[in-house]
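**Q** Just the structure for this:
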Amino acid sequence: MRVEARLFKINEEIEALRREEELVAEELRFHRHIDDDAQRDALVSDDWQDRSFARSSSADVKRFEKALAEVRSRRERLERKRDELLGRLGDL
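**A** Down below sits the predicted model:
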């Protein structure tokens with residue numbers, strides 16, 4: 001595959017990952033908001049269900065933080081690859 005075609009494909013993948021990153025980041029904000037409320041409720045409540053929900057919401061936050069980090073890592077890896085290909089294109 002020619003360098004230009006590879007660059008085009010990588011740019012499309014980077015753009016898709018940026019959109020995914022935005023969606024995951026928004027979902028993370030939502031879960032952090034819920035987790036804040038759940039942690040507060042668990043502190044003032046004697047109800048085991050509140051404490052259970054607080055643990056569950058914290059796990060959700062960690063899961064989305066990990067998902068966001070993975071998407072960012074994939075995007076950054078592709079950006080480095082794109083930069084490398086652009087360097088090669090400049091040498092041609």
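**Q** Arg88 is in contact with Val3, correct?
**A** Yes: taking contact to mean Cβ atoms under 8 Å, the distance of 6.0 Å between Val3 and Arg88 places them in contact. C-beta: built from backbone N, CA, C; applies to glycine.
**Q** can you give me the offset of the longest helix along the chain from its chain's centre?
**A** Among the elements of type helix in the chain, defined by DSSP state H, the one spanning the most residues is helix 48-91. On the basis of Cα atoms, centre = their mean, to the nearest Å, helix 48-91 is displaced by 4 Å from the centre of the chain it belongs to.
**Q** Tell me which other helices or strands it touches.
**A** With contacts defined as 3 or more Cβ pairs under 8 Å, 6 or more residues apart in numbering; DSSP states H and E, the packing partners of helix 48-91 are helix 3-44.
**Q** Tell me how far Asn11 lies from Glu70.
**A** Here Asn11 is placed at a distance of 20 Å from Glu70 (Cβ to Cβ, to the nearest Å).
**Q** residue closest to the middle of the chain?
**A** Within the chain, the residue whose C-alpha comes closest to the C-alpha centroid is Leu68; the distance, by Cα atoms, centre = their mean, is 1.7 Å.
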